[in-house]
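In: Dropping the sequence and predicted coords here.
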Amino acid sequence: MDMALFCPSRVMARLSRNAATGLGLVALLPALLTAQPAAATFDLSIPNIMRGPEHYGREPSQVRWTADGRWLYFRWAEAESAWDAPTSWYRVRPEPDAQPEKV
């Protein structure tokens, strides 16, 4: 798979194109949250292959745009959270290199 597809600026560009219709938000948000630089390589070791949500974070849920389209809110448990940790509310701006922030 081409890791350049998960470059944060490309993900945000796709997210912005879909903002008006809301298509693909749930599919794009995990890529945004786990985006790696295009030059990164994935070590195919047993620990990396078997890693679970406690290492990369859980899938966002309850994804919602604000009425003015300036923020995307969602519930999420970050990487390094316990497997049974409750999710918290986060928000992120639909801009390249934007980082989610806990609210």
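Out: Alright, I've got the coordinates.
In: Next up, the contacts around residue 88.
Out: 75-77, 102 (C-beta atoms under 8 Å, 6 or more residues apart in numbering). Heads up, the C-betas are built off the backbone N, CA and C, glycines and all.
In: Got the phi and psi for it?
Out: When read as degrees, to the nearest 10, the backbone of residue 88 gives phi -130, psi 160.
In: lowest-confidence helix or strand of the chain?
Out: helix 8-17 (a mean of 55; mean pLDDT, DSSP states H and E).
In: ok, back up a step: with neighbour count, pLDDT and distance to residue 48 as added columns, please give the contacts of residue 88 in CSV.
Out: Below are those laid out as CSV (neighbours: other C-beta atoms under 10 Å; pLDDT from 0 to 100; distance: C-beta to C-beta, whole Å):
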residue, neighbour count, pLDDT, distance to residue 48
75, 16, 94, 26
76, 23, 90, 22
77, 21, 86, 20
102, 9, 93, 26
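In: burial measure for residue 82, as a count.
Out: 9 (other C-beta atoms under 10 Å).
In: host element of residue 99?
Out: Following DSSP states H and E, there is no helix or strand that holds residue 99.
In: isn't it right next to residue 92, touching?
Out: Yes: counting by C-beta atoms under 8 Å, residue 92 is a contact partner of residue 99 at 7.0 Å.
In: and stretch 78-90, which residues are buried?
Out: Neighbour-count burial for stretch 78-90 flags 78, 81, 87, 90 (criterion: 16 or more other C-beta atoms under 10 Å).
In: Lowest pLDDT pick from the residues you listed?
Out: Ranked by pLDDT, the buried residues of stretch 78-90 bottom out at residue 81, which has 77.
In: was I right about residue 101 contacting residue 93?
Out: No: look at residue 101 against residue 93 with C-beta under 8 Å: they stay out of range, at 9.2 Å.
In: Please say which of these two ends up with more neighbours.
Out: Neighbour tally, residue 101 and residue 93, criterion other C-beta under 10 Å: the higher count belongs to residue 93, 14 against 11.
In: Look up the pLDDT of that one for me, please.
Out: Model confidence at residue 93 (pLDDT) stands at 95.
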